[in-house]
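**Student:** sequence plus the predicted model coming up.
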Amino acid sequence: MGVKICHMEMFMGRSHNLYLTGFRVNSVDRVVAALVSARNFLLVGGRARDALAALSGVSGDIEAIDVIPARALIEFAIDAAVASVSNRNIRGAVVILNVVHNIPLSVERLRSWDFDYFLSVEVSELLDNYSLLDHAEVMVLALFRAAVDIRGFGAFGSESLGLAPRE
C-alpha cells in the first residue's frame, strides 16, 4: 500500500512540492514530515489551509511516538500552532513548529539528539521571537519542561522521568 505525503522544501529560494508514493513511512516519520511541511507551507506564502491539513493528518500517528515527554510536547505544539493559524498569527505558528521539528520522537533519535544545539539555536530563536507567540509563557514553560524530561528520558528509563525515590 502506498503512502502519499505532500512536503514543501526550500531549495535555493524556490519551493518544490514533493510527492512520495509507494514507500512505507512509519508514524514517527509522518509526524516529522507534517511538522516540517506545515512550517514550510506557512513560510511560503502563508498557506494556512495546507499547513492545517498537514497537521490534522497525523493526529492518529502521535501515539506512536516512543519518547513520552516528546509526545506530550508535540501534541501541545500542534494544538498551539493550529490555534495561532486560526488567530491569523502565522509567524507565531512558524516559531512554534520550528522549535519542535527536531525534537527526538523515537528512542533511536534520542540517542543522537544534539541537546546543546537545541538549547543554543532552537530555544534561543524561540526566545528571540517570544513576542510573536500567543500565550508565550505557557509555550516556553511547556517547552522547557519537555526538554528537561526528554533529556532525562534515557537516563531514568521509560517508567520514570523524575528523581529517583529517596530511601
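**Tutor:** Yep, that arrived.

**Student:** for the host helix or strand of Ala53, buried residues please.
**Tutor:** In this structure, Ala53 is located in helix 48-56 according to DSSP states H and E. Residues of helix 48-56 classed as buried: 48, 50-52, 54-55 (neighbour count, 16 or more other CB atoms under 10 Å). Where you see a C-beta, it was placed from the backbone N, CA and C, and this is true even at glycine.

**Student:** now the angle between helix 48-56 and whichever helix or strand comes after it, please.
**Tutor:** Using DSSP H and E, the helix or strand that directly follows helix 48-56 along the chain is helix 68-86. Note on geometry: by axes from the mean of the first three to the mean of the last three CA atoms, to 10 degrees, helix 68-86 and helix 48-56 are set 160 degrees apart in direction.

**Student:** where's helix 68-86 relative to the chain centroid, distance-wise?
**Tutor:** Here the centre of helix 68-86 is set off from its chain's centre by 8 Å, with CA atoms, centre = their mean, to the nearest Å.

**Student:** check which residues of the lengthiest helix in the chain are buried.
**Tutor:** Ranked by residue count, the top helix of the chain under DSSP state H comes out as helix 136-156. Buried residues in helix 136-156, defined by neighbour count with 16+ other CB under 10 Å: 136, 139-140, 142-143, 146-147, 149-151, 153.

**Student:** and of those residues, the nearest to Leu119?
**Tutor:** Nearest to Leu119 among these is Ala147, at 7.5 Å by CB to CB.

**Student:** report pLDDT for the closest residue to the closest one other than its chain neighbours.
**Tutor:** Leaving aside its sequence neighbours, Ala147 sits nearest to Phe118 (CB to CB, 6 or more residues apart in numbering; 6.8 Å). On the pLDDT scale, Phe118 is placed at 91.

**Student:** any idea how far Phe118 is from Glu125?
**Tutor:** Separation of Phe118 from Glu125 (CB to CB, to the nearest Å) stands at 11 Å.

**Student:** neighbour-wise, which of those two wins?
**Tutor:** Applying other CB atoms under 10 Å to Phe118 and Glu125 shows that Phe118 carries more neighbours, namely 19 against 12.
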